[in-house]
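# Next come a sequence and a model predicted from it.
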Amino acid sequence: MSIHSSLRTPTGVTASLRNVLKRFERVRHLMTQGAWPEGRSVYGLPKIKQVKLKVRKAAAKEKEEAPAEAPATGAAPSSSSS
């Protein structure tokens, strides 16, 4: 039996960024940071916030313009007089 189209969730919802990690993800993060002592209880862990970085429009526009200006080979006038 299939799901009715009105009951389906958008595909982007499942891959959205969550604010707080689950317990096993927090333990994994603490292990990679070296802040997990052996024998520590998995209860009472600090919450680890996921930070989503936004690129400002001005910074993005500068990155797009920079490569277009850089390859200016052969366009410079020669200084030799013939």
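Thanks, I have it.
# What about R8, how many residues nearby?
For R8, the number of neighbouring residues by other C-beta atoms under 10 Å comes to 9. (Glycine included, C-beta is placed from N, CA and C.)
# do V27 as well
Taking other C-beta under 10 Å as the criterion, the count of residues near V27 is 15.
# My read is that it contacts V42, right?
Yes - because the distance of 6.2 Å satisfies C-beta atoms under 8 Å, V27 is recorded as touching V42.
# low-scoring pLDDT stretches of this structure, where are they?
The model of the chain has pLDDT under 70 over residues 11-16, 59-60, 66-82.
# Mind doing that once more with 80?
Screening the chain residue by residue with the criterion pLDDT under 80, one finds the ranges 1, 9-20, 49-82.
# now the strands: where do they sit in it?
For the chain, no strands are identified by DSSP state E.
# Show me the helices in it, by range?
Per DSSP state H, the chain carries helices over the ranges 11-14, 23-33, 57-69.
# Who are the contact partners of K49?
With contacts defined as C-beta atoms under 8 Å, 6 or more residues apart in numbering, the neighbours of K49 are 19-20.
# 10 Å - rerun?
For K49, the set of contacting residues under the criterion of C-beta atoms under 10 Å, 6 or more residues apart in numbering consists of 18-21.
# would you list those in CSV and tack on distance to R8?
What follows is the contacts of K49, written out as CSV (distance: C-beta to C-beta, whole Å):
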residue, distance to R8
R18, 21
N19, 24
V20, 26
L21, 27
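# which one among the residues you listed gets closest to S5?
Distance to S5 across the contacts of K49 (C-beta to C-beta) is lowest for R18, with 26.1 Å.
# just checking, that closest one touches K47?
No - counting by C-beta atoms under 10 Å, no contact exists between R18 and K47, whose distance comes to 11.4 Å.
# Distance check, M31 against S41.
Using C-beta to C-beta, to the nearest Å, M31 is found at 15 Å from S41.
# just F24 next, same as before
F24 sits 14 Å away from S41, going by C-beta to C-beta.
# More neighbours: which of the two?
In this comparison of F24 against S41, neighbours counted by other C-beta under 10 Å, the higher total goes to F24 at 9 against 6.
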